[in-house]
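[1] Show me how the following folds:
(one chain, ligands or ions: 1)
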Amino acid sequence: MKKKVGVLVSGRGSNLQALLDAAKDPAFPAEIALVISNIPDVFALERAAKAGVPTQVIPHKGFPSRETFDAAMDAALRDAGVDFVCLAGFMRLLTKSFVEGWQGRMINIHPSLLPSFKGLHTHERAIEAGVKLHGCSVHLVTPELDDGPLLVQAAVPVLATDTPDTLAARVLEQEHKAYPLALKLLAEGKVTVDGVRAVVDAPGGGALVNPQ
Ligand code: GRF
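    All right, here's what the predicted structure looks like:
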């Protein structure tokens, strides 16, 4: 039986698209059962509808607190019978109790090689820091922002001519490979957490080789 996945989005949803595309393969171990957006009318919702996936808009602005907003999302995910949650460009901080309720079953994609460049504007900061390799990371979500055991990382070179936009585009291409891979590994039960580390039972242990 395929595992059911809920995806939380706030924007354009290109990572959601990568997950939807991967899930079309009959051999993929997971199906996208629900997409939740905290913002109405974002393109991610159109992508889900086009793929025939149920969507819900749960506007954070309609709730008196983070706790009540998170509780509404939690209820929607549980009603849909979701096994795993993917954060895909979801731009809200989550409460500790929500995160703990999905411990080991919720993953996020972040556009840097963590633990470098947590937070926002990662591409700009990578260029400013002069790093030669940048990339993306998929990790299990813990209450600390952009923390948590790493499942998959992909590296790309930083070129002398890069702007934040050109670098972002190179990283995004890898995000679209890394996220479906991480979900596949998790849904197949190939991830074991050992303290702050995730041990991934796969060739390469969850790393994607630098493509260039
Ligand atoms: C991606 O860069 C992702 O790594 C970050 O937010 C962005 C979302 O893009 N968390 P998209 O909505 O998936 O296109």
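
[2] pLDDT averaged over the longest helix seen in the chain, what's the number?
    Criterion DSSP state H: the longest helix present in the chain is helix 164-187. Throughout helix 164-187, pLDDT has a mean value of 97.

[3] With stretch 2-18 instead?
    The model assigns stretch 2-18 a mean pLDDT of 98.

[4] How about it and the ligand, any contact?
    Yes. Applying CB under 6 Å from any ligand atom, one finds stretch 2-18 touching the ligand at G11, R12, G13, S14, N15. Quick note: C-beta positions are derived from backbone N, CA and C, even for glycine.

[5] residues from this structure in reach of the ligand?
    For the chain, the contact set with the ligand under CB under 6 Å from any ligand atom comprises 11-15, 88-89, 109-111, 136, 172, 175.

[6] Filter those residues down to the ones in helices?
    Those of the residues of the chain next to the ligand mapping onto helices are S14, N15, L172, E175, per DSSP H.

[7] From start to finish, how long is stretch 24-43 in a straight line?
    Start and end residues of stretch 24-43 are separated by 20 Å (CA to CA, to the nearest Å).

[8] buried set for that stretch?
    By neighbour count with 16 or more other CB atoms under 10 Å, stretch 24-43 contains the buried residues 28-39, 42.

[9] Same question for stretch 60-69.
    Using 16+ other CB under 10 Å as the test for burial, stretch 60-69 gives H60, F63, R66, F69.

[10] Can you give the contact residues for that stretch?
    Residues from elsewhere that reach stretch 60-69, judged by CB atoms under 8 Å, 6 or more residues apart in numbering: N38, I58, A72, R92, L93, L94, T95, S97.

[11] circling back: just the buried ones among the residues of stretch 2-18 next to the ligand, please.
    G11, G13, S14, N15.

[12] which ones are touching the third one?
    Applying CB under 8 Å, 6+ apart to S14 gives the contacts G89, L172, E175, H176.

[13] between the residues you listed, which is nearest the ligand?
    When those are ranked by distance to the ligand (CB to the nearest ligand atom), G89 comes first, at 2.7 Å.

[14] List the pairing partners of the helix or strand of the chain with the lowest mean pLDDT within its sheet, with orientation.
    Lowest mean confidence among the helices and strands of the chain (mean pLDDT, DSSP states H and E): strand 207-208, at a mean of 80. Using DSSP bridges, the strands paired with strand 207-208 in its sheet are strand 150-157 (parallel).
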